[in-house]
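In: Got a predicted structure plus its sequence, pasted below:
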Amino acid sequence: LLYLLSFTGNYYQQGEIRKEELVQSCKVLGIPPSNVTVLDHRKLPDHPSTDWDVPLLAELILSHIKTYQINLVVTFDARGVSGHPNHRSVYAAVRSLHSERKVLEGCQFLILETVNVFRKYISILDAPLSCYKDQDVVFILTEKETELAKRAMWCHHSQLLWFRRLYVTFSRYMVINSLLFL
Ligand SMILES: *[C@@H]1O[C@H](CO)[C@@H](O)[C@H](O)[C@H]1NC(C)=O
């Protein structure tokens, strides 16, 4: 069972549009709308220069884990893929839950490794590097799966500025993702 939890996405006041795009994108990936939660908390505004209230975030994530009896949480690492402070806050929240042992025994955390800018845009060429380094899990998508991932990305119309189109074409994360257990 898979559940997706997203915090806001209301930057540019496009919250509703982005939410709908996320739901469509998840559908492409086989995640039904009922398994997608978008939390728009007034104290957690989507903004690249706002640090979120980490204890509040942790509390919201914990309640989601409990509600759905989650045993594996997949999220950002400390560098948050793009370095976006909101992504980094999510990591900080999960990290605090983990270190305070607030979640049930048996709930594990996998964090997505952020790679440097050079590796970020070499797509499949990053495979040897990703496998060489000591990761707990490395996912390499097949061509067919990559096509599906792209179709899911194209659902995010409002966010597909020109540089994001380049991202979808060249990003390593569209093909390879390496993760570590906390
Ligand atoms: C979505 O949640 C429902 C209800 O818990 C579950 O039966 C279903 O398998 C989930 N879908 C996915 C793709 O995990």
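Out: Arrived safely. Only a predicted model underlies this, so the values are computations on that prediction, with no experimental measurement involved.
In: how much space between the spatially most central residue of the chain and the ligand?
Out: Nearest residue to the geometric centre of the chain (Cα atoms, centre = their mean): T75, 5.3 Å. To the ligand, T75 is 17 Å away according to Cβ to the nearest ligand atom, to the nearest Å. The C-beta positions use only the backbone N, C-alpha and C, and glycine is treated the same way.
In: got a list of what R151 touches?
Out: Contact analysis of R151 by Cβ atoms under 8 Å, 6 or more residues apart in numbering lists V28.
In: Just say helix, strand or coil for it.
Out: helix (DSSP: H, G, I helix; E, B strand; the rest coil).
In: who in this protein is up against the ligand?
Out: Contacts of the chain with the ligand, taken as Cβ under 6 Å from any ligand atom, map to L1, L2, G30, I31, P32, N35.
In: tally of neighbours for the third one?
Out: Other residues near G30 number 10, with proximity taken as other Cβ atoms under 10 Å.
In: Helix or strand for V138, just tell me which one.
Out: If you go by DSSP states H and E, V138 is part of strand 137-140.
In: Surely F118 is within a strand?
Out: No: applying three-state DSSP, one finds F118 to be helix, outside a strand.
In: Hmm, R95 and the residue nearest to the centre of the chain touching each other?
Out: No: using Cβ atoms under 8 Å as the test, T75 is too far from R95 to be in contact (9.6 Å).
In: ranges for the strands of the protein?
Out: Taking DSSP state E as the criterion, the chain contains strands spanning 4-7, 36-39, 72-76, 108-112, 137-140, 176-181.
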